[in-house]
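>>> Quick check, what structure comes out for this input:
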Amino acid sequence: MKILYIGVLQNAQQPAVELCAERELSSYSRFTRGSISEFMTMFSKTVAERTKQGQRQDIQEQDFTFHVYARTQGIAGVIISDNEYPSLAAHQILSKTLDEFLAQHPNAASSRDPVSFPALKTYITSYQDPHEVDSIMKIQKELDETKIVLHKTIESVLERGEKIDDLVSKSEGLSSQSKMFYTSAKKQNSCSACCVM
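This is a model prediction of the structure:
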């Protein structure tokens, strides 16, 4: 999973203008980086121009996905990633990027000149791992890890059935009624197993 390009473009007028952008081209040879960078700018302008204001879209081209979010203020964000990068994470980056960009440059939709936005350099390095971006994915990952830990804990408790009886009988935190309930439930469970067989 990799992000290759993050850019903010003015798409209120055509042709669209790349206001600021960052690229991660370390996987390409030095001789091809210039050409690849030019193609990224050209394709980003094209998809920014052809995305209606207020619309989000993903466009796949060979091994790449263009994630585009065109805001109603005449500004569009574009991320170019490989096809494995999750769309949800890319669009969260775009939302965050455009919110911060418009807060710093509210009149950028009328600009035809490059605009300074150093946060893009941080984003393109920090968000190579989509789990750093996507709070939903991060929470899901934590839940999956917790579920695995709980599952292992329950399995290990079930393997020690006799020790549970000892814990129940020695426990001062259980009332005598709870201990009687445990004993009768255990007897019923063992008897119903006998009847089934």
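
>>> For burial, what's the neighbour tally of the residue lying closest to residue 127 once chain neighbours are set aside?
In space, not counting the residues next to it along the chain, residue 127 is nearest to residue 133; the distance is 4.7 Å by CB to CB, 6 or more residues apart in numbering. No exception for glycine: its C-beta is placed from N, CA and C like everyone else's. The number of residues packed around residue 133, counting by other CB atoms under 10 Å, is 23.

>>> Okay, residue 133 and residue 85: tell me how far apart.
10 Å (CB to CB, to the nearest Å).

>>> Please list the outside residues in contact with stretch 78-89.
1-7, 9, 40, 43-44, 47-48, 58, 60, 63-68, 90, 93-94, 127, 130, 133-134, 136-137 (CB atoms under 8 Å, 6 or more residues apart in numbering).

>>> Okay, now the unreliable bits of this structure?
The model of the chain has pLDDT under 70 over residues 134-174, 177-179, 181-182, 185, 189-197.

>>> ranges for the helices of it?
Using DSSP state H, the helices of the chain run over 30-49, 87-104, 119-126, 135-158, 161-170, 176-196.

>>> what's the domain layout of the chain?
3-138, 140-196 (automatic domain parsing).

>>> correct me, but residue 93 touches residue 133?
Yes. Between residue 93 and residue 133 there is a contact at 5.5 Å, judged by CB atoms under 8 Å.

>>> any shared contact partners between those two?
Contacts common to residue 93 and residue 133, judged by CB under 8 Å, 6+ apart, are residue 127.

>>> buried residues in stretch 106-122?
Residues 108-109, 115, 117, 119-120 are the ones in stretch 106-122 that count as buried (16 or more other CB atoms under 10 Å).

>>> err, stretch 66-80, not the other one
Those would be 66-71, 73-80, for stretch 66-80 by 16+ other CB under 10 Å.

>>> These in strands, which ones?
Counting by DSSP state E, the buried residues of stretch 66-80 place 66-70, 75-80 in strands.

>>> What is the nearest of these to residue 29?
residue 80 (18.2 Å; CB to CB).

>>> Compute the distance between that closest one and residue 48, please.
Distance of residue 80 to residue 48, given as CB to CB: 12 Å.

>>> same question, residue 102
15 Å.
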